[in-house]
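**Student:** with the sequence up front, the predicted model follows.
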Amino acid sequence: MEGKQQLPPAGPAVLGAASDERRSEDSKDGAGGGALGRPLGPTPSQSRFQVDLVAEGAGRPAEELRKASGEGSAAGKGSEEAKGRFRVNFVDPSAGDESPGEPGGGSSEGGNVSFQNGGDTVMSEGSLHSGGHHHHYYYDTHTNTYYLRTFGHNTMDAVPRIDYYRHTAADLGEKLIRPSLAELHDELDKEPFEDGYANGDEGTPAGEATASYTPDSKGVVKFGWIKGVLVRCMLNIWGVMLFIRLSWIVGQAGIGLSVVVIGMATVVTTITGLSTSAIATNGFVRGGGAYYLISRSLGPEFGGAIGLIFAFANAVAVAMYVVGFAETVVELLKENGALMVDEMNDIRIIGAITVVILLGISVAGMEWESKAQIVLLVILILAIGDFVIGTFIPLDSKKPKGFFGYKAEIFMENFGPDFRHEETFFSVFAIFFPAATGILAGANISGDLADPQSAIPKGTLLAILITTLVYVGIAVSVGSCVVRDATGNVNDTIVTELMNCTAAACKLNYDFSSCQTECPYGLMNNFQVMSMVSGFAPLISAGIFSATLSSALASLVSAPKIFQALCKDNIYPGFQMFAKGYGKNNEPLRGYLLTFLIALGFILIAELNVIAPIISNFFLASYALINFSVFHASLAKSPGWRPAFKYYNMWISLLGAILCCIVMFVINWWAALLTYVIVLGLYIYVTYKKPDVNWGSSTQALTYLNALQHSIRLSGVEDHVKNFRPQCLIMTGVPSARPALLHLVHAFTKNVGLMICGHVHMGPRRQAMKELSADLAKYQRWLIKNKMKAFYAPVHAEDLRDGGQYLMQAAGLGRMRPNTLVVGFKKNWRQSDMRDVETYINLFHDAFDIQYGVVVIRLKEGLDISHLQGQEELLSSQEKSPCTKDVIVKLDYSKKSETDTSIAFAPSSSERTSHSKSQSSPLNLTDQRLLDASTQFQKKQGKSNIDVWWLFDDGGLTLLIPYLLTTKKKWKDCRIRVFIGGKINRIDHDRRAMATLLSKFRIDFSDIMVLGDINTKPKKENIAAFEEMIEPFRLHEDDKEQEVADKMKEDEPWRITDNELELYKTKTYRQIRLNELLQEHSSTANIIVMSLPVARKGAVSSALYMAWLEALSKDLPPILLVRGNHQSVLTFYS
């Protein structure tokens, strides 16, 4: 039974992914057996399809997964058989109310569910247009058609679905692979996928298209926005400052300026909160908090620097908070005379015990830690409530200590500042600001949040709002109730009115003037004002304990989580061992231990006044970079930057970053400088190490934007001779195959001009197209790894000439387009198919037609080393590339592979032959020389000559290239010798004229030689050798009938006619004579640069032109035959 037979005219539901035999077999497996012999059904306009998932796992019955109640009986057979299959249901709307195979009317509604995507039910068209019972014809299909979850049309196309966009190791669900363009677009073979693999990629069989990564979600603790973010941020922001220092700040700065101090701190934290929210909602957030946000926005350099110092800052912050707690406990012990040893050692003992207990809570798991945080928050809120209630109960016993309840007089007196002991507004601000930090406590455990994208913005911003209101409320309350100075002496009441007492206390019948500056009580002098004001003093002590311990606990959890994320990314390879997580929640136990040891070390120092400002600055540096990330991402205009949180502004974020940097200096200038130095040092280290990561950072986006804007700006500027640069299109083929060609051209284009490595792929188009994209990434990587400032440009063409034309016309961008074609000399042209020689010579003609200059490079040993086995360069450069099987391959191009030009296409895997020689086997002498010659331009050239034979004026390119070579480090000791043609009776005159020209061009030369004997007839033996060389390529039309000769010339246009040979005899002799002169004068030169002879198109045959180049350049040191496009590239005008 063919599945096709029962489908409506719309066509089969599945096409291309499985063969007909497989389809029909699957149809039998399904519940569609009863459909046999039915009519073809209604027309396509009436028909509806739907696809239902039959079963997901082998162990689960199909009924559990089916929404449609009526389908249970239809597919009741074992789910083993139906594993991973889909059912295509055909709904017949014209069938009226009869539905023989289905009990009840509800099934049709349920049966119209088109498909389910991870729990999302998508209704089909049928469910929207129909209400009653319908005929259902069932077809079961194979998993190979995993992309069948579509509207049910006759297509392999997949509908939009979240699973196609997941990373391979997605936490939230399976990664699905959508059908590739090739699967949808390529011609159908008998079997669409060879060897059962989709896309031709091994390791991704179509049947296993869904990634096997399915994390075990049982037992994983994930927090909502209140428990995960709001509670943590509030606990971290409300620190010891709230209870111990806030009253002192109000005393110094007054109520008005205290509110300004709180407001300024809030502005910085709110801007940072908005920036954090923007980054957190721009895509899925994993664990790592501030480090993750910054590294994925600005790249690994900034991320790696901040990640390390932020993790360290959190670890030391644990010590800071624990010491704060221990100091409070020691104060209580001192009051009760119960010190164990002495103050300092008691702090160390209590601190050490506390940090061990906190470590125990953290290691017990996030759930326990979260419960502890809730308990601490309750205590903290009770303590704040206790203070507020206390302000409304003014007791007479507290009045001598300066607490009178809410009084307008006290409010007015305390509103203005009264700075003492050299305090200033900024010093008070520096003391308060650390109390506002802690806004990243929620973001730091982003990996443990159920939905970090909504939790981080809501929780962080609400926490900032609540804590700010509480800070302001307490500052105003305490400033309205308590005077700045009080003696605490009950006898300081005023009996008779004093004339000179104007303080608020005097109006309330108290005179504290006896101890104006050294009073023990009051806002200025007593840090325990809040305890004194509160209704129940021990609760304030409990609040202090709660504030310090909760902050310590949050930091103890944050530091290892951030450090683990940093280590997972392998930014610092030495820390790789800390990336390992344990248990369901992937807890970084090694990180906890490291944090514990750092915290314990600093607790034992017990002097944290020096450390505190550095820690504050570390936090501020990360805030600054988070703000800068948002500005940078917005500036880069990357299409990927589209945060769901819209209430941010790039300029406000930039302002926030600048404010953070200013506040760093306000808090402590030397700590700020130290922070900058550390961040810069780590940044330089990570930049130098170049971690192999690609996160699509805004740095990449901005680099692209800058390049684009500059390219467009450049296009609006006309070319000027002073700015001419040789921009070379080199026909290299595979770049690694011709290293000498690459390095020589790179020597004069590096940091000067453009260099594009052209590679023409020939052969079967389908094969070549697959290789193009793979090669592009592979060889561009090779160029970068070998420090080549060049681009790789592959094209597919029928032959080399077409490919060369495509590249010359289309390569480059705007003004950054090639203007010079560089090719290797075709060394074995006499043994090659002459059609290849014709193609090769036509490249030159095409280049001249497109106004390109042409450079032909010849090494007597040859250029192409692709046929060699085991050479170090290729192995070392390719062994790390993903396609290791292509390291050294014996390429079979028939005769084409022998050329030194870019005739290259990678053969299919069946044509590849493994190398027969082992790496260590000795090479023959010729190959050894070739290998040595291929590396000669990578070495320092020493004090030798660059001989320039500037015989014909081509605009100056022949002279410019050697000059550019001498500007490079490897060539700087070489001297330029210039050879020109001239008349014997005018040698001195010609030399002076050339010297004048070169000095005007400001080009240094060591010697100028005028050759008066260029037109002398060459030696007879050389003429004879030339004639012998061209003999096989001659037409000899004089010895043939006219008709035969014409036919032969038409079929073989490269042949040399007798007429042509006679016509260009002088030019032929000149090439032979020039070779004699070159051997005489330049045989010891390091490199020769010479004018390339030009052959008239259509008049000089390819074989004759090739013979000229052969005769001119044979048996010489490396030679560059150069011909510019006859437009000036040198000028002596300023």
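**Tutor:** Received it, and whenever you're ready, just let me know what you need.
**Student:** and Leu597, how many neighbours?
**Tutor:** Using other CB atoms under 10 Å, Leu597 has 11 other residues around it. C-beta: built from backbone N, CA, C; applies to glycine.
**Student:** report the buried residues of the helix or strand hosting Val378.
**Tutor:** Applying DSSP states H and E as the criterion places Val378 in helix 366-391. In terms of neighbour count (16 or more other CB atoms under 10 Å), helix 366-391 has its buried residues at 366, 369-370, 372-373, 376-377, 379-380, 382-384, 386-387, 390-391.
**Student:** next one: that helix to chain centre, how far?
**Tutor:** Relative to the centre of its chain, helix 366-391 is centred 43 Å away, using CA atoms, centre = their mean, to the nearest Å.
**Student:** just how off-centre is the very next helix or strand once past that helix within its chain?
**Tutor:** Per DSSP H and E, helix 366-391 leads on to helix 408-415 as the next helix or strand towards the C-terminus. Here helix 408-415 is found 58 Å from its chain centre; the criterion is CA atoms, centre = their mean.
**Student:** CA atoms only: put helix 408-415 into CSV for me.
**Tutor:** Coordinates of each C-alpha in helix 408-415 appear next as CSV, following Å, rounded to 0.1, in the frame of the first residue of the first chain:
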residue,chain,number,x,y,z
ALA,A,408,10.1,70.9,64.6
GLU,A,409,13.0,72.6,66.4
ILE,A,410,15.3,69.6,66.2
PHE,A,411,14.3,69.1,62.5
MET,A,412,15.2,72.8,61.7
GLU,A,413,18.5,72.6,63.6
ASN,A,414,19.6,69.3,62.1
PHE,A,415,18.5,70.2,58.5
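**Student:** from the contact counts, what lies against that helix?
**Tutor:** helix 246-280, helix 452-481, helix 504-507 (3 or more CB pairs under 8 Å, 6 or more residues apart in numbering; DSSP states H and E).
**Student:** any chance of these in JSON lines, plus distance to Ala537 and mean pLDDT?
**Tutor:** Shown next, in JSON lines, are these (distance: least, CB to CB, whole Å; pLDDT from 0 to 100):
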{"stretch": "helix 246-280", "distance to Ala537": "14", "mean pLDDT": "92"}
{"stretch": "helix 452-481", "distance to Ala537": "15", "mean pLDDT": "92"}
{"stretch": "helix 504-507", "distance to Ala537": "23", "mean pLDDT": "76"}
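**Student:** can you tell me the closest non-neighbouring residue to His743?
**Tutor:** In space, and not counting its chain neighbours, His743 is closest to Phe937: 4.1 Å by CB to CB, 6 or more residues apart in numbering.
**Student:** residues contacting the one you found?
**Tutor:** 740, 743-744, 747, 970 (CB atoms under 8 Å, 6 or more residues apart in numbering).
**Student:** now with 7 Å, please.
**Tutor:** Contact partners of Phe937, counting by CB atoms under 7 Å, 6 or more residues apart in numbering, are 740, 743-744, 747.
**Student:** repeat for Phe419
**Tutor:** Going by CB under 7 Å, 6+ apart, the list of residues near Phe419 reads Gln252.
**Student:** measure it to His867 for me?
**Tutor:** Phe419 sits at a distance of 84 Å from His867 (criterion: CB to CB, to the nearest Å).
**Student:** same check, this time on Leu680
**Tutor:** Separation of Leu680 from His867 (CB to CB) stands at 49 Å.
**Student:** just want to know which of the two has more residues nearby.
**Tutor:** Using other CB under 10 Å, the more surrounded residue of Leu680 and His867 is His867, with 16 against 11.
**Student:** which SS class is that one?
**Tutor:** coil (DSSP: H, G, I helix; E, B strand; the rest coil).
**Student:** how about Lys787?
**Tutor:** Once three-state DSSP is applied, Lys787 turns out coil.
**Student:** what is the burial count for it?
**Tutor:** 8.
**Student:** residues contacting Leu246?
**Tutor:** Going by CB under 7 Å, 6+ apart, Leu246 touches 471, 474-475.
**Student:** one more time with 6 Å
**Tutor:** Contacts for Leu246 (CB atoms under 6 Å, 6 or more residues apart in numbering) come out as Ile474.
**Student:** ok, now how distant is it from Ala372?
**Tutor:** Taking CB to CB, one finds Leu246 at 25 Å from Ala372.
**Student:** please apply the same query to Ser1113.
**Tutor:** 83 Å.
**Student:** which SS class is the closest residue to Asn282 other than its chain neighbours?
**Tutor:** In this structure, Asn282 finds its nearest non-sequential neighbour in Pro643, 4.2 Å apart by CB to CB, 6+ apart. Three-state call for Pro643 (three-state DSSP): coil.
**Student:** Ala278 is in contact with Pro643, correct?
**Tutor:** Yes - in this structure Pro643 lies within contact range of Ala278 using CB atoms under 6 Å: 4.3 Å.
**Student:** which one of these two is surrounded by more residues?
**Tutor:** Ala278 (28 against 20).
**Student:** list the contacts of the more buried one.
**Tutor:** Taking CB under 6 Å, 6+ apart as the test, what Ala278 contacts is 630, 643, 645, 648.
**Student:** from the residues you listed, which is closest to Arg835?
**Tutor:** Pro643 (59.9 Å; CB to CB).
**Student:** now Glu1062: which helix or strand?
**Tutor:** helix 1058-1063.
**Student:** may I see the buried residues of that helix?
**Tutor:** 1060-1061.
**Student:** low-confidence regions, the stretch 51-200 of the chain specifically.
**Tutor:** 51-155, 167-174, 188-200 (pLDDT under 70).
**Student:** who are the packing partners of the helix holding Val378?
**Tutor:** helix 231-237, helix 343-363, helix 529-533, helix 537-568 (3 or more CB pairs under 6 Å, 6 or more residues apart in numbering; DSSP states H and E).
**Student:** run a quick neighbour tally on Phe392.
**Tutor:** 11.
**Student:** against Phe415, how distant is it?
**Tutor:** Taking CB to CB, one finds Phe392 at 21 Å from Phe415.
**Student:** same question for Leu744.
**Tutor:** 80 Å.
**Student:** now swap in Trp238 and tell me
**Tutor:** 25 Å.
**Student:** how is the chain partitioned into domains?
**Tutor:** 225-689, 726-864, 944-1133 (the TED database).
**Student:** among those domains, which comes closest to Leu931?
**Tutor:** domain 726-864 (8.8 Å).
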